[in-house]
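Novice: Mind folding the following:
(one chain, ligands or ions: 2)
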Amino acid sequence: MLRDEKVFMAMALDLAMMARDDVAPNPRVGAVVVRKGRVVGRGYHERPGLPHAEVLALREAGERARGATLYVNLEPCCHLNKRTPPCTREILSSGIGRVVISLSDPNPHVNGKGILELREGGVSVETGLLAPQAFAVNRGFLSLMKNGRPFVTLKGAASLDGQIATATGDSQWISGAPSLKYAHQLRQEHDAIVVGVGTVLKDNPLLTTRLPGLRKVHHPVRVILDSLGRTPPDSRLFETISESPVWIMAGEHAPEDRVARLEDKGARIFRLPAGPDGKGLRLSSLLAALLESRLLTLLVEGGAQVNGSFLQERLVDSIRLVLAPLLIGGEDALGWIGGRSPKRLVDAFRFPGPLRTRRLGEDLLISVDLWD
Ligand code: AOF
Ligand code: ZN
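Specialist: Numbers count the residues shown, from 1 in each chain. Ligands and ions are numbered 1, 2, ... in the order given. Sure thing, here's the model as predicted:
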């Protein structure tokens, strides 16, 4: 693979990201037409119903597409009966000689058939270029296709022994400044963030993205799991409500007056059924509510109970754990995953892929993905 090829695919991925929030539930797709080492066409899919990335790039290239190479981060579609005509047809009639793709499209109507159609039409096709980056760009869409729900990232910051607080609840601060910056980067990358009401009561967090120097700040929709409507109406969340919405996930028995006060503060109120064993809230209903508003990626930021519930219900796709160089120790400290442990180790949550590590200042970032 030529080095330049990566540059062209990176360009396609940058184009794909231009659609950031508007394109869901469709994938983020960018395309670049390259002739004799020069870019002659560019395009990205902006919104459902609008033309696909390849079509726009080919349109710009016009006659120059003949014999050129098309770089696109997702397999071109080939199915009829949807809002836009199939891209494979456009590619074949454009005279493109070669197509380089990052990922195949898991949409069951496509899923390899687009590639096959191109090859049968005499176009040479290669796949896999910058696949990890392409995966990151479309985690939400891929999760929707594979599991019918948003992609869930569980994020924690703990001491070396996996604790997030002492027995008295002292927890600030465990990790260092670079880790904090990383946490905000994660917020930037997710459509929604969720914490339990316990975290709101204890830390009074803002849950917004605060990254100095960013060209375009994105705040996740802030979701509070609050079965009894205990979120204080004067919490800092509401000071920033013009920047990003606050969604309160209340239980069926949350007192009406409390919920009404939060609604007055500008929160959007949902009533969710109880979780398993009649406790907490049904997380699958939360994920369904996100999907309905086209929010395809969710960042879980604790506390321990909430982390434990997501893990127990097997609703975690990816983990980002920051470990700081300190030991809290003690059986009475608070571990980062709450709830009950499984009876047997075979029932523990074991990831199929390897752990990846990276330094964040003095801390260690451990990343692990269920899909690896
Ligand atoms: C491509 N290029 O730019 C995109 C693709 O409703 P439609 O007509 O926009 O079709 C949506 C489906 O097309 C979507 O589910 C996914 O499988 C594919 N998206 N394909 O070749 C694009 N956005
Ligand atoms: Zn298409």
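Novice: Report the closest residue of the stretch 151-300 of the chain relative to ligand 1.
Specialist: Leu296 (12.2 Å; CB to the nearest ligand atom). From N, CA and C alone the C-beta is placed, and that goes for glycine too.
Novice: Okay, and the nearest residue to that residue once chain neighbours are set aside sits in which element?
Specialist: Among residues not flanking Leu296 along the chain, Gly140 sits closest, at 2.6 Å (CB to CB, 6 or more residues apart in numbering). Secondary structure from DSSP states H and E places Gly140 in helix 139-147.
Novice: any idea whether the closest residue to Arg268 other than its chain neighbours is helix, strand or coil?
Specialist: Nearest non-adjacent residue to Arg268, counting by CB to CB, 6+ apart: Trp247, 4.9 Å away. Assigned by DSSP: H, G, I helix; E, B strand; the rest coil, the conformation of Trp247 is strand.
Novice: need the contact list for Trp247.
Specialist: Residues near Trp247 by CB atoms under 8 Å, 6 or more residues apart in numbering: 192, 221-224, 267-270, 289.
Novice: can you redo those residues as JSON lines with distance to Asn147, secondary structure and neighbour count?
Specialist: Conversion of the contacts of Trp247 to JSON lines gives the following (distance: CB to CB, whole Å; DSSP: H, G, I helix; E, B strand; the rest coil; neighbours: other CB atoms under 10 Å):
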{"residue": "Ala192", "distance to Asn147": "16", "secondary structure": "strand", "neighbour count": "25"}
{"residue": "Val221", "distance to Asn147": "20", "secondary structure": "strand", "neighbour count": "19"}
{"residue": "Arg222", "distance to Asn147": "23", "secondary structure": "strand", "neighbour count": "26"}
{"residue": "Val223", "distance to Asn147": "19", "secondary structure": "strand", "neighbour count": "25"}
{"residue": "Ile224", "distance to Asn147": "24", "secondary structure": "strand", "neighbour count": "24"}
{"residue": "Ala267", "distance to Asn147": "28", "secondary structure": "coil", "neighbour count": "23"}
{"residue": "Arg268", "distance to Asn147": "25", "secondary structure": "strand", "neighbour count": "15"}
{"residue": "Ile269", "distance to Asn147": "27", "secondary structure": "strand", "neighbour count": "16"}
{"residue": "Phe270", "distance to Asn147": "21", "secondary structure": "strand", "neighbour count": "15"}
{"residue": "Ala289", "distance to Asn147": "16", "secondary structure": "helix", "neighbour count": "17"}
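Novice: residues near the residue lying closest to Ala65 once chain neighbours are set aside, how many?
Specialist: Once flanking residues are discounted, Ala65 sits nearest to Ser94: 4.3 Å by CB to CB, 6+ apart. Ser94: 24 surrounding residues under other CB atoms under 10 Å.
Novice: isn't Ser94 right up against Glu63?
Specialist: No. Here Ser94 does not reach Glu63: they are 9.1 Å apart, not a contact under CB atoms under 8 Å.
Novice: Tell me the spacing between the residue nearest the centre of the chain and Thr127.
Specialist: Geometric centre of the chain, nearest residue: Thr297, 3.3 Å, by CA atoms, centre = their mean. According to CB to CB, to the nearest Å, Thr297 stands 24 Å off from Thr127.
Novice: Count the residues that sit near the nearest residue to Leu80 once chain neighbours are set aside.
Specialist: Leaving aside its chain neighbours, Leu80 sits nearest to Pro86 (6.4 Å; criterion: CB to CB, 6+ apart). Neighbour count of Pro86, defined by other CB under 10 Å: 23.
Novice: now the helix holding Gly140, how far from the chain's geometric center?
Specialist: Relative to its chain's centre, helix 139-147 lies at 10 Å (CA atoms, centre = their mean, to the nearest Å).
Novice: just stretch 332-339 next, same as before
Specialist: 25 Å.
Novice: circling back: residue contacts, the residue nearest to Leu296?
Specialist: Neighbour list for Gly140: 24, 150-151, 191, 296-297 [criterion: CB under 8 Å, 6+ apart].
Novice: So it versus Glu301, what's the distance?
Specialist: 18 Å.
Novice: Quick one: end-to-end distance for stretch 30-46.
Specialist: Stretch 30-46 has an end-to-end distance of 9 Å (criterion: CA to CA, to the nearest Å).
Novice: Residues touching that stretch, excluding its own?
Specialist: For stretch 30-46, contacts defined as CB under 8 Å, 6+ apart pick out 4, 8-9, 11-19, 22-23, 26-29, 51-62, 64-65, 67-73, 96.
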